[in-house]
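Enquirer: Using only what follows, build the 3D model:
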Amino acid sequence: MKCLAAVLCRTAMTDKETGLVSYVQTFNETRLPSLPAVLPPFWLGAALEQPRSAAARLRIVHRAPGGESAELLRTDELELPGGVSRLNFSFGAFEMARAGRHEFVLESSDGGPWTPIGLAPLYVQADQAPAVDADPASAEA
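Expert: Presented below is the predicted three-dimensional model:
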């Protein structure tokens, strides 16, 4: 399985008659007044391709600029048809603690190890850097 495209957006709408998907207000960067801050709810839309029908599990992992990673979502086993499948994943408000390149990594597993198949990057900029805790010992000097 491979990811043909992954996109972050404010709204994902699927037309029930045609199956066409509209991704509204797509983004790959954001400017926040200060950090930490809360990113409003968003969607990750993905177009996945595989040669034949097969069962797989999917998960989405967030990788922060400092290298920290956290699993955000894991599906039960899905039976995906051969060809292209479009999947949309909804996320609630999300706390951003660092500026820089964040990655929302889509991974798949057929029962074995998780394999990265695609990602949606998000570049976060802040107008004001996060406050740094002062060392009390240096403040007394």
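
Enquirer: quick one: low-confidence ranges for this structure?
Expert: Across the chain, residues meeting the criterion (pLDDT under 70) sit at 129-141.

Enquirer: Going by residue numbers, what spans are helices in it?
Expert: 136-140 (DSSP state H).

Enquirer: contacting residues for the most centrally placed residue in it?
Expert: Central residue of the chain (CA atoms, centre = their mean): Phe104, 3.0 Å from the mean position. By CB atoms under 8 Å, 6 or more residues apart in numbering, the contact list for Phe104 reads 6, 8, 44, 60-62, 72, 119-122. Yep, even glycine has a C-beta here, placed from its N, CA and C like the rest.

Enquirer: from those, which would you call buried?
Expert: Buried subset of the contacts of Phe104 (neighbour count, 16 or more other CB atoms under 10 Å): 6, 8, 44, 60-62, 119-120, 122.

Enquirer: Any chance you could list what contacts stretch 49-59?
Expert: For stretch 49-59, contacts defined as CB under 8 Å, 6+ apart pick out 1-4, 71-85, 87, 106-111, 114.

Enquirer: Closest one of the contacts of Phe104 to Asp15?
Expert: Nearest to Asp15, judged by CB to CB, of those is Leu44 at 19.3 Å.

Enquirer: Does the closest one touch Val7 like I think?
Expert: Yes: counting by CB atoms under 8 Å, Leu44 does reach Val7; the two are 7.3 Å apart.

Enquirer: which residues do the two both contact?
Expert: Ala120.

Enquirer: Pairing partners for Leu119 in the sheet, please.
Expert: Val105 (DSSP bridges).

Enquirer: For it, list the residues it contacts.
Expert: Going by CB under 8 Å, 6+ apart, Leu119 touches 3, 6, 103-106.

Enquirer: between those, which is closest to Gly92?
Expert: Phe104 (14.0 Å).

Enquirer: if I look at the nearest residue to that closest one once chain neighbours are set aside, how far off is Phe89?
Expert: Residue nearest to Phe104 in three dimensions, not counting chain neighbours: Ala120, with 4.6 Å by CB to CB, 6 or more residues apart in numbering. Using CB to CB, to the nearest Å, Ala120 is found at 10 Å from Phe89.
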